[in-house]
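# Quick one, what's the 3D model for this:
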Amino acid sequence: MMDVETESTGTGTSVEETTENLCDNPTRDTLAEGLMGLLKPTVDRLDERVRATRISQLELKQELDSVLDELKKIAESQKSLPILDEYVKKLMVSKQKITIVSALLQNSQERLNKIHETVAKESARRRIILETEELASTSGVNKKKPKMTKLLMDTPILSHITQSDYLTVYEPAEDSYLMLDALEKEIDVIQELQPVVCLEVGSGSGINITAFSKVFPSCFCFCTDINRRACEITLATSKLNDTVIECINADLMKNIRPNSVDILIFNPPYVVTESLEIKSSKISRAWAGGIKGREVIDNFLKIVPDVLSEKGICYMLVIDENKPEEITNIMSDMLFDTTIVVKRKAWNEKLKVLKFSRNG
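Next up, the predicted model:
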C-alpha cells in the first residue's frame, strides 16, 4: 500500500450543515420543476411527431416497393405498354427520395434524444444554482457572502480497461489522482470562469477529462494523445461514464485554434530519462520526460500562450526534479503567473500541480 503524505489544504461544505437548510426548499423545487415543465413537453411532442412521421415514411416505402414490383411484372409481361417504364423510373426516384428523407428523420430523432439528455443535465445544473442562491439568501450571518455549494470531482468508472490495455496505455496512478484533487479544489474558480472549451493534452485512460466533463457538462471537452490506443480507451471511458468527449490522435496541441481553450490540463511525461526514451514505441513513452524530465514539458509551455484564451487557466503536474522554479520563470517571461494548487509526496516523488494564468 502506497505511503502518501498530503501537504495540500482545502475547505469543504459540511453535509450536516447544508442538509438542514436544503431539506425543505419549495421555491427551488418549484423553479426546477417549472424548467422541466417548460422544456420537456415540447421536446416530447417533437419526438412523437418525428417518430410518427418515420413510421409513415417506412409504410409508404413498403407500399411503393410493392407497387414497383407489380409494375415491373406488368412491364415484363406486356411489352406493348412502354409507357410503364417511365412510371417505374419515377417510382424509383421517389423511392430514393423517401430513403433520404427517412435517413434525415432518423438523424432528427437522434438529435432529439440528445436534447432530452441536455435538458436533464441543464435541469440538474439549474438545481445546483438554485441551491446556491438559496444558501446565499438564508445564511447571511454578519453579512458575509456565503460560499457556493461545493461540487465533487468524482473518479470515473474504469472497469472496462483491462490489464492488457495497461501494457500500452498509462495506468492511473498517484499523479492522476492528484490532478483530480487539484481540479476539485479549483471547482469554484472554474465555475466562476464559466469555461466554454476544455482541453486535456495526453488523456491516457481519460480519467481527468471525463471527471471534468461530468462536473461541467455544458463545457465542450476534448483531448489529444499521441497514442491511438489511448484515444480509443478515452472515448470508451467517456461513454461508460455518460459524458461527451472528442479525442484527437495528435502530438501535444497541434492545429488547435489560437486562444480558444479556457481550461488546459496536462499531466506530462515528467520522469528524468535519456532523451531517446521519449521517442520509444513502448509504454515508457507515457512517462519518459528526457533531460530533467522537461523536454516534453518545455515544448508544451511554448504553445500555452497561443492556445489559452485571455481568461484561460492551465493546470500542469510536475515533480521537484523538473525544477518548478525554472518553469515559473519561463511562464513569467511569457506574462503568466504561477501558483501551486496542491502538492503531495508519493514514494520518492514530490508531486505538485501548478496553475498558470495570465498576469492581471
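# per-residue pLDDT, residue 317?
Predicted confidence (pLDDT) at residue 317: the value is 97.
# tell me the SS of it?
Of the three states, residue 317 takes strand under DSSP: H, G, I helix; E, B strand; the rest coil.
# For it, name its beta-bridge partners.
Applying DSSP bridges to residue 317 yields these beta-bridge partners: residue 353.
# residues near it, how many?
Look at residue 317: counted by other C-beta atoms under 10 Å, it has 23 neighbours. (Each C-beta comes from the backbone N, C-alpha and C, glycine too.)
# doesn't residue 350 make contact with it?
No - the pair residue 317 and residue 350 fails to qualify as a contact (C-beta atoms under 8 Å) at a distance of 11.4 Å.
# residues in contact with residue 157?
With contacts taken as C-beta atoms under 8 Å, 6 or more residues apart in numbering, residue 157 has the following neighbours: 237, 240, 241.
# redo that, cut-off 10 Å
Under the criterion of C-beta atoms under 10 Å, 6 or more residues apart in numbering, the neighbours of residue 157 are 207, 210, 237, 240, 241, 242.
# tell me the SS of it?
Going by three-state DSSP, the state assigned to residue 157 is coil.
# And it, how far from residue 178?
With the distance defined as C-beta to C-beta, to the nearest Å, residue 157 ends up 20 Å from residue 178.
# do residue 337 as well
For residue 337, the distance to residue 178 equals 21 Å [C-beta to C-beta].
# More neighbours: which of the two?
residue 178 (23 against 13).
# Do I have it right that that one meets residue 340?
No - using C-beta atoms under 10 Å, residue 178 makes no contact with residue 340, being 11.5 Å away.
# so where's this protein shaky on pLDDT?
The chain contains residues with pLDDT under 70 at 1-29, 32, 35, 78-84, 107-150.
# Tell me which other helices or strands the helix or strand hosting residue 332 touches.
Element membership of residue 332 [criterion: DSSP states H and E] is helix 324-333. Under the contact definition 3 or more C-beta pairs under 10 Å, 6 or more residues apart in numbering; DSSP states H and E, helix 324-333 sits against helix 295-307, strand 308-319, strand 336-346, strand 349-358.
# give me that answer again for 7 Å
strand 349-358 (3 or more C-beta pairs under 7 Å, 6 or more residues apart in numbering; DSSP states H and E).
# now the angle from the strand it packs on to strand 308-319?
Interaxial angle, strand 349-358 versus strand 308-319 (axes from the mean of the first three to the mean of the last three C-alpha atoms, to 10 degrees): 170 degrees.
# Check which residues of strand 349-358 are buried.
Burial within strand 349-358, assessed by neighbour count using 16 or more other C-beta atoms under 10 Å, is assigned to 350, 351, 352, 353, 354, 355, 356, 357, 358.
# Identify the residue nearest the fifth one in space, chain neighbours excluded?
Taking C-beta to C-beta, 6 or more residues apart in numbering, and ignoring the residues beside it in sequence, residue 354 has residue 316 as its nearest neighbour in space, at 5.2 Å.
# got the contact list for that neighbour?
With contacts taken as C-beta atoms under 7 Å, 6 or more residues apart in numbering, residue 316 has the following neighbours: 266, 268, 354.
# can you redo those residues as CSV with distance to residue 312?
What follows is the contacts of residue 316, written out as CSV (distance: C-beta to C-beta, whole Å):
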residue, distance to residue 312
266, 13
268, 18
354, 14
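# How many residues are close by residue 224?
Applying other C-beta under 10 Å, we find 23 other residues in the vicinity of residue 224.
# ok, it touching residue 250?
Yes - when contacts are counted by C-beta atoms under 7 Å, residue 224 is listed as touching residue 250 (4.6 Å).
# what ranges do the helices span in the stretch 51-200 of the chain?
Chain-ordered helices for the stretch 51-200 of the chain, with DSSP state H, counting those that start in this stretch as the definition, fall at 83-138, 174-185, 187-193.
# quick one: contacts of the shortest one?
With contact meaning C-beta under 7 Å, 6+ apart, helix 187-193 is reached by 148, 150, 151, 153, 215, 216, 262, 263, 311, 313.
# Among the residues you listed, which one lies nearest to residue 298?
Proximity of these to residue 298, judged by C-beta to C-beta, is greatest for residue 313, which lies at 19.9 Å.
# Identify the residues contacting residue 214.
For residue 214, the contacting residues are 154, 241, 243, by C-beta under 7 Å, 6+ apart.
# Neighbour count says what about these? Which are buried?
241, 243.
# now the closest residue to residue 99 other than its chain neighbours: how far from residue 284?
With C-beta to C-beta, 6+ apart as the criterion, residue 99 has its nearest non-adjacent residue at 7.2 Å, and that residue is residue 61. As defined by C-beta to C-beta, residue 61 lies at a distance of 56 Å from residue 284.
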